[in-house]
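Novice: sharing a sequence plus its predicted fold:
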Amino acid sequence: MTSTAQAPQSRARTAHPEHLGHVIFIAAAAAMGGFLFGYDSAVINGAVEAIRSRYDIGSAALAQVIAIALIGCAIGAATAGRIADRIGRIRCMQISAVLFTVSAVGSALPFALWDLAFWRIIGGFAIGMASVIGPAYIAEVAPAAYRGRLGSFQQAAIVIGIAISQLVNWGILNAAGGDQRGKLLGLEAWQVMLGVMVVPAVLYGLLSFAIPESPRFLISAGKDERAREVLKEVEGDKVDLNARVAEIEHAMKSEHKSTFKDLLGGSFFFKPIVWVGIGLSVFQQFVGINVAFYYSSTLWQSVGVDPTDSFFYSFTTSIINIIGTVIAMIFVDRIGRKPLALIGSVGMVIGLGLEAWAFSFDLVDGKLPAAQGWTALIAAHIFVLFFALSWGVVVWVFLGEMFPNRIRAAALGVAASAQWIANWAITASFPSLADWNLSATYVIYTIFAALSIPFVLKYVKETKGKALEEMG
């Protein structure tokens, strides 16, 4: 790039838009997809036992209904980028909002178990789309000076969505007299829980009409004048708009479109750095974090906790998740990604180990002994806290930074796919494993948390403070 083009670029990096509040609104509106991601992922927690009862199914069949949404997630994540490149980021958000809405209505009014599973796949597809399009849109629209902070809106929205879903579930359960199958608004309580998602889904769709299309897509579609208007809207009047358009066009033309073939090499099919990314994704899921969000109400009820209290504990766990995420956002650039991951792993080993110990005791009158019950509850919160302040955020930061430019997009896609597969494996296996031996199940999760420590120490390199061009 010539020196004349570099000057506007540097000004763009330090540009402070005149209407920062509007830019924050744009990022927050896009992050509503993240809110729905978290909400739809976790809302099923309140319906698990009611679905088991209504359809009289065993643990294996129940697990497939819960986990099947992850198949839709994988498909949605794999196709969202191509859809967004073809019809635009905003249209992609609107399709996602429609799918969330349809899934909520269908899940609330199922005819049978098979169509409930179908509506969950549709919702999963919307989750997958939202997981890709939200961060991409925010990165393309946000002024460089604010990109990091605005980009964190997506993760914050996900954990808030999880917490709100648990709070709403708890409120609905109380309104139905503490019975998940109690009548409310002419439906069973669990159906209302799944149907309430219509509200944020419709809001997401409406907000998508209030925000501008990404300048990057507009330029790719030949709408340079509209792109200048959007850049002026988000970066301010002092930026050289012609130079910014030229800069974006140059970057798009010079980008290497990474493919699956670029990842091949080394001794075991993929390049070593790709295996490290896959390892991070697998360890993030194999510690059993999604058990806390998909099955926590069922888990607490299985050891004698009252259903209403179990829903409340699911909500408090979600609050701890938010607190941990905020801690990670504060410290990830201060102490580094690798130390934070190691701190989190040690904390998770302690929390999971204590849960495994507590669940090893026999139930007395259908409940854990008091000391073990409180230990399990506190340990569960410790586990979620240490996961949230470390692996919940750090893995995504690592995956966005660790790969060389020439393979970043393809490698990130493979690592994300590995994450969805690992998520499915844990989600689908937990009910059957818990029926077999709940304590041993948590021993397995503890072992994976422990193994993540030598994995990070030996194979993961710190990326803090390094330019993306230095990777590889």
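Specialist: Arrived safely, thanks for sending.

Novice: against residue 308, how distant is residue 28?
Specialist: When CB to CB, to the nearest Å is the yardstick, residue 28 and residue 308 sit 33 Å from each other. The C-beta positions use only the backbone N, C-alpha and C, and glycine is treated the same way.

Novice: brain fart, residue 326
Specialist: 28 Å.

Novice: what about the closest residue to residue 276 other than its chain neighbours, how many residues close to it?
Specialist: What sits nearest to residue 276 in space, not counting adjacent residues and going by CB to CB, 6 or more residues apart in numbering, is residue 459, at 5.1 Å. By other CB atoms under 10 Å, the residues close to residue 459 number 13.

Novice: show me where the stretch 1-150 of the chain has its helices.
Specialist: Counting by DSSP state H, counting those that start in this stretch, the stretch 1-150 of the chain has these helices, from start to end: 3-14, 20-43, 48-55, 59-67, 69-87, 89-108, 113-141, 147-175.

Novice: residue 77 reaches residue 418, doesn't it?
Specialist: No: look at residue 77 against residue 418 with CB atoms under 8 Å: they stay out of range, at 11.7 Å.

Novice: who's more crowded, the two?
Specialist: Taking neighbours as other CB under 10 Å, residue 77 and residue 418 compare with residue 77 leading, 23 against 20.

Novice: show me the contacts for the nearest residue to the more buried one once chain neighbours are set aside.
Specialist: Once flanking residues are discounted, residue 77 sits nearest to residue 128: 3.7 Å by CB to CB, 6+ apart. Shown in contact with residue 128 (CB atoms under 8 Å, 6 or more residues apart in numbering): 72-80, 420.

Novice: how close does residue 128 get to residue 32?
Specialist: Applying CB to CB to residue 128 and residue 32 gives a distance of 16 Å.

Novice: low-confidence regions, the stretch 1-150 of the chain specifically.
Specialist: Residues of the stretch 1-150 of the chain that meet the criterion pLDDT under 70 lie in 1-19, 148.

Novice: how many neighbours does residue 75 have?
Specialist: Residue 75 has 16 neighbouring residues, counting by other CB under 10 Å.

Novice: that one contacts residue 125, doesn't it?
Specialist: Yes: contact between residue 75 and residue 125 holds when scored by CB under 8 Å: they sit 5.8 Å apart.

Novice: roughly how far out does stretch 160-175 sit from the chain middle?
Specialist: Stretch 160-175 has its C-alpha centroid displaced from the chain centroid by 18 Å (CA atoms, centre = their mean, to the nearest Å).

Novice: cool, and stretch 410-429?
Specialist: Counting by CA atoms, centre = their mean, stretch 410-429 comes out at 12 Å from the chain centroid.

Novice: now do the contacts for residue 25.
Specialist: Contacts of residue 25 by CB under 8 Å, 6+ apart are residue 211.

Novice: ok, it to residue 233 distance?
Specialist: Taking CB to CB, one finds residue 25 at 11 Å from residue 233.

Novice: kindly report the same for residue 133.
Specialist: Using CB to CB, residue 133 is found at 20 Å from residue 233.

Novice: and those two? Which one has more around it.
Specialist: For residue 133 and residue 233, the more surrounded residue by other CB under 10 Å is residue 133, and the numbers stand at 26 against 17.

Novice: I figured the more buried one hits residue 90, correct?
Specialist: No: counting by CB under 8 Å, residue 133 stays clear of residue 90, with 9.3 Å between them.

Novice: mutual contacts of the two, please.
Specialist: Common neighbours of residue 133 and residue 90 (CB under 8 Å, 6+ apart) do not exist.

Novice: what's the neighbour count on the nearest residue to residue 120 once chain neighbours are set aside?
Specialist: In space, and not counting its chain neighbours, residue 120 is closest to residue 69: 4.2 Å by CB to CB, 6+ apart. Residue 69: 28 surrounding residues under other CB under 10 Å.

Novice: which residues does residue 317 contact?
Specialist: Shown in contact with residue 317 (CB under 8 Å, 6+ apart): 166, 292-293, 296, 380-381, 384.

Novice: can I get these in CSV including secondary structure, neighbour count and pLDDT?
Specialist: Below are the contacts of residue 317 laid out as CSV (DSSP: H, G, I helix; E, B strand; the rest coil; neighbours: other CB atoms under 10 Å; pLDDT from 0 to 100):
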residue, secondary structure, neighbour count, pLDDT
166, helix, 28, 93
292, helix, 23, 87
293, helix, 23, 85
296, helix, 25, 88
380, helix, 26, 94
381, helix, 19, 95
384, helix, 25, 96
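
Novice: residue 209: neighbour count?
Specialist: For residue 209, using other CB under 10 Å, the count is 10.

Novice: for residue 31, see how far away it is.
Specialist: On the measure of CB to CB, residue 209 and residue 31 end up 16 Å apart.

Novice: for residue 435, same thing?
Specialist: Residue 435 is 38 Å from residue 31, by CB to CB.

Novice: more crowded one of these two?
Specialist: Comparing residue 435 with residue 31 by other CB under 10 Å, the one with more neighbours is residue 31, at 29 against 13.

Novice: quick one, what contacts that one?
Specialist: Shown in contact with residue 31 (CB under 8 Å, 6+ apart): 134, 138, 153-154, 156-157.

Novice: can you rerun that using 6 Å?
Specialist: Contact partners of residue 31, counting by CB atoms under 6 Å, 6 or more residues apart in numbering, are 134, 153-154, 157.

Novice: helices and strands around the lengthiest helix in the chain, which ones?
Specialist: Using DSSP state H to assign secondary structure, the helix with the most residues in the chain is helix 408-459. Applying 3 or more CB pairs under 6 Å, 6 or more residues apart in numbering; DSSP states H and E, we find helix 408-459 packed against helix 59-67, helix 69-87, helix 272-286, helix 289-294, helix 337-359.

Novice: nearest to residue 142 among these would be which one?
Specialist: Proximity to residue 142, assessed across the helices and strands packed on helix 408-459 by CB to CB, is greatest for helix 69-87 (16.4 Å).

Novice: residues of the closest one that come out buried?
Specialist: 69-78, 80-81, 83-84 (16 or more other CB atoms under 10 Å).

Novice: stretch 325-336 now?
Specialist: 325-329, 331-332, 336.

Novice: make JSON lines out of these and add secondary structure and distance to residue 114.
Specialist: Listed next are the buried residues of stretch 325-336 as JSON lines, based on DSSP: H, G, I helix; E, B strand; the rest coil; distance: CB to CB, whole Å:
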{"residue": "325", "secondary structure": "helix", "distance to residue 114": "36"}
{"residue": "326", "secondary structure": "helix", "distance to residue 114": "41"}
{"residue": "327", "secondary structure": "helix", "distance to residue 114": "42"}
{"residue": "328", "secondary structure": "helix", "distance to residue 114": "40"}
{"residue": "329", "secondary structure": "helix", "distance to residue 114": "41"}
{"residue": "331", "secondary structure": "helix", "distance to residue 114": "46"}
{"residue": "332", "secondary structure": "coil", "distance to residue 114": "43"}
{"residue": "336", "secondary structure": "coil", "distance to residue 114": "48"}
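
Novice: thinking again about what came up before, and the contacts of residue 317 as a markdown table, adding distance to residue 110?
Specialist: Converted to a markdown table, these look like this (distance: CB to CB, whole Å):
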| residue | distance to residue 110 |
| --- | --- |
| 166 | 22 |
| 292 | 26 |
| 293 | 22 |
| 296 | 23 |
| 380 | 30 |
| 381 | 33 |
| 384 | 30 |
